[in-house]
Every structure is written in C-alpha cells, then in structure tokens.
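1. Have a look at this prediction, sequence included:
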Amino acid sequence: MSGAATDRRLSRKERELQFRVGIVLDAAEHVFAESSYAACSVEQIAKRAELSVGTLYNLFDSKEEIYTRVISRVQTRFFDIMTGQVNEARGPAEKVRSTVVAHFEHFSRYIHHWRLYVSASNGFQWELKSKLAEEASSSQDEFIAKLSEICQLGMDEGIFKTGIPADLVALALIAVPHSFLVKLLYDETDDPMADLPAAIRLAERLVGIDEG
C-alpha cells in the first residue's frame, strides 16, 4: 500500500500527532549532535522544537526513547540512500565503489549524523546500546546482506578473490569507510572528501579488484 493511501486513512488527530513527533525528532537530532547524550536535556529538545516540556512528554516517555527514535530514523534514512545508490551502480566492482562513495558523500554532508552514529556505537551504557541495536539495526542488517550477495556475485564471476566467505568480506567492506569517517570526525578536516580515493583503493584491494 502506498504512503499516500496510508496518509488518507489517518485521522486529523493522528496526522497532527505524526507532525509533532517529527518536529521533536528533528529538534532532538540537532541537539544530540551538538553535544553528548548525557549533556542534553529534555528541556533543550523541547525548546528547540518550540514545544512545552509537558507536550513533549505526551509524545515520548523519556530522553532515552527520543534518542533511540532519532538513531533509528537516521540509520534508516542513511541505508535507504546508500541502497538506492548501490542499486544504480552496474556490476559488483562498481557497487563496492559506490558503497564507499555513498558513505563519504552522506556523512560529509551530514556530519552530525555521523556523530550520532558514533555515539550510538561507542561509550554508552550497555542498556542503551542494547535498545539501539533492537530499534535501529534492521536497515543495516539488510544492507550488509545485500552487500554479501554482491560480494558472492563478484566471486562467482571471477572479479573478486575467493577464500573468505562473502558475508565476512561484506562486514570488512563496511568497516573501510567507517574507519576513514572516524578519522574525519576527529580531524575536522576542511575537505571531508580528501580521503575518498584512498578508501576506494583499500576497498578494491580487500575484494581483489586491485592487487597492484
């Protein structure tokens, strides 16, 4: 069923609720990105959203719930964009390159998203990380499964080297742009795309496209 058809079935009250939830998540995304999770408050989020704290608590039970929803939305958005770009690429080799390029393009444009991603994965209490994994990992798992299929196709076609299972190669490929993006996050370089050629070469060597 299309999104438009679903929207027509929503009551005005439900549409208003969705609208307010979206306002809060937009505001929280910026608040969390500008500081640490611990340093942010519900009051800051409410002020950014131009809503009262009481209204915010009518929409969400806690700051933790808002955070998990923000991360889920950010991750889903990113992997949807990346999946679309990889689907447009032709052949396993170009799809691998497209995976790396998509990471750099997205996170250089939306660096606060990357800060959120890093915060969700490192240095947080285990209970929160567990909830994030439950709430926000499905889109990532789907993309890694797709990348695993691409790697297997490349092996079957003789384009990629063999000897390591495709699912492990896919995990290693995802780690390539991530490692460069961590450097980007902490170096605060003026040119976030500067390391893209090196990241592409590393990904190519990982799968055996470029052994030179």
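-> That came through, no problem.
2. so who does Ser139 touch?
-> For Ser139, the contact set (Cβ atoms under 8 Å, 6 or more residues apart in numbering) comprises Gln75, Thr76, Phe78, Phe79, Asp80. The C-beta positions use only the backbone N, C-alpha and C, and glycine is treated the same way.
3. now it: how far from Thr76?
-> Distance, Ser139 to Thr76, by Cβ to Cβ, to the nearest Å: 5 Å.
4. and if you look at Ala145?
-> Distance of Ala145 to Thr76, computed by Cβ to Cβ: 15 Å.
5. same check, this time on Arg20
-> In terms of Cβ to Cβ, Arg20 sits 20 Å off from Thr76.
6. just to revisit the earlier point, between Ala145 and Thr76, tell me which one has more neighbours.
-> Using other Cβ atoms under 10 Å as the criterion, Ala145 and Thr76 rank with Thr76 on top: 15 against 11.
7. Quick one: classify that one as helix, strand or coil.
-> On the three-state scheme (DSSP: H, G, I helix; E, B strand; the rest coil), Thr76 is labelled helix.
8. quick one: which of the contacts of Ser139 is nearest to Glu94?
-> Phe79 (18.8 Å; Cβ to Cβ).
9. Without its sequence neighbours, what residue ends up closest to that closest one?
-> Nearest non-adjacent residue to Phe79, counting by Cβ to Cβ, 6 or more residues apart in numbering: Ser139, 4.0 Å away.
10. buried residues in the one helix or strand the one you found maps to?
-> Here Ser139, judged by DSSP states H and E, is contained in helix 138-156. For helix 138-156, burial by neighbour count (16 or more other Cβ atoms under 10 Å) applies to Ser139, Gln140, Phe143, Ile144, Lys146, Leu147, Ser148, Ile150, Cys151, Gln152, Gly154, Met155.
11. Show me which residues of the helix or strand just after it are buried.
-> Counting by DSSP H and E, the next helix or strand C-terminal to helix 138-156 is helix 166-187. Judged by neighbour count using 16+ other Cβ under 10 Å, the buried positions of helix 166-187 are Ala166, Val169, Ala170, Leu173, Ile174, Val176, Pro177, His178, Phe180, Leu181, Leu184, Leu185.
12. Using CSV, please lay out the buried residues of helix 138-156 together with distance to Arg69.
-> Output for the buried residues of helix 138-156, formatted as CSV (distance: Cβ to Cβ, whole Å):
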residue, distance to Arg69
Ser139, 14
Gln140, 16
Phe143, 20
Ile144, 22
Lys146, 25
Leu147, 26
Ser148, 28
Ile150, 30
Cys151, 32
Gln152, 34
Gly154, 36
Met155, 38
